[in-house]
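# Following is a predicted model, sequence given first.
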Amino acid sequence: MRWVLIAVIVILVLFLVISYVAFLFAIKRPKSKKPETEERYIKREQIRKKNNDYLYSLDPEDVSIVSPDGLTLRGWLVTPEKPSNKYVVFVHGYCCNGPDEFSHMLPFYRNTLGFNCLYPDLRAHGRSDGKWIGFGALDYKDIHQWLRYLIDRFGEDIEIVTHGISMGAATTMLVNETNPPEQVKVAIEDCGFTNAFEQIGETLKGMIGFHFKPIVLVCSLMCKLIAGYFFGDSDPEGKMKDEKNPMLFIHGEADDFVPTYMGKRLYEACQQDKDCMWVPGAVHAYSYYDAKEQYEEKVTAFISKYIDLEKTEA
């Protein structure tokens, strides 16, 4: 009996240790980025460098806000050649940053559509403060604050598009589900997840080969105790009934990181005006790279339903 009790305790301790390691892996800010080894991603790094160089050549303004919990969140603001009252807020994905995720869309939004472009770094990413990744549950509140920053600084008559990728897409949906200001007209989500609990389960499945919900449950509890939120607090699909603005859903059909079925479930759940684009052969966050012309056509057509793209003067 004694050995049974010892075995149970050992198993329990191991389970807690594994759960804690999984929590740190998923939520703690990474210290450094590992070099890419796959050809596809090496090429993307090269493209990102070129696009980032272009962004910085435009002398972007270094902007910042302070979050409700005291973190300094930083971003870049790029203005178009002609004054405009139109703004896009780019919301990057997990373990990325604003310029790396979205500088490739700068020529399209700034030069073609005439938008001011805001590139915030989410908490625990890029140049922003923070130890714990928000997984959308904390980030949507920060994006609300960035929206208020733009409105307070540039006026009540501005028009805003939010455009998110991956975790940033989930954040964009959560913003749209929590009564965004009336200046926000359109939300675009690209390869966002249905909810953080399900997504972390998918990630764990990729690591160990199968779903093991007890680990995800314990990780979620640890996340609440340490980082301040449950995984269930990031639930774009479950809160879709509260969506305020029209939404465009984009997802690569070969995405196995945030599986394509998540994007299609989100689209089906949306009750606002909506449209979708499923990109054949595109892996996670590659839809714009693989189908640039079609992507730009779809985004332009969708935005133009709700914002007059011809009116650019502030």
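Sure thing, it's come through.
# can you pull out the helices in the stretch 51-200 of the chain?
Under the criterion DSSP state H, counting those that start in this stretch, the stretch 51-200 of the chain contains helices at 98-102, 106, 139-154, 167-176, 196-208.
# looking at the ones you listed, which is closest to Asp242?
Nearest to Asp242, of all those, is helix 167-176, at 8.3 Å by Cβ to Cβ. Quick note: C-beta positions are derived from backbone N, CA and C, even for glycine.
# and stretch 191-198, what's its mean pLDDT?
Averaging pLDDT along stretch 191-198 gives 95.
# do the same with stretch 217-227
Rounded mean pLDDT across stretch 217-227 is 93.
# Alpha carbons only: can I get stretch 11-18 in CSV?
Output of stretch 11-18 as CSV, limited to C-alpha atoms (Å, rounded to 0.1, in the frame of the first residue of the first chain):
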residue,chain,number,x,y,z
ILE,A,11,3.0,10.3,-11.0
LEU,A,12,1.1,13.4,-9.7
VAL,A,13,4.4,15.4,-9.3
LEU,A,14,5.5,14.4,-12.8
PHE,A,15,2.1,15.4,-14.2
LEU,A,16,2.4,18.8,-12.5
VAL,A,17,6.0,19.3,-13.6
ILE,A,18,5.0,18.4,-17.2
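# Check what contacts it and list those residues.
Contact with stretch 11-18 is made by Pro214, Ile215, Val218, as judged by Cβ atoms under 8 Å, 6 or more residues apart in numbering.
# circling back to that earlier point, deepest-packed of the helices of the stretch 51-200 of the chain, please.
helix 167-176 (a mean of 30; mean count of other Cβ atoms under 10 Å).
# okay, now Tyr41: neighbour count?
For Tyr41, the count of nearby residues is 13 (other Cβ atoms under 10 Å).
# Can you verify it is assigned to a strand?
No - per DSSP: H, G, I helix; E, B strand; the rest coil, Tyr41 lies outside any strand segment and is helix.
# No further questions, thank you.
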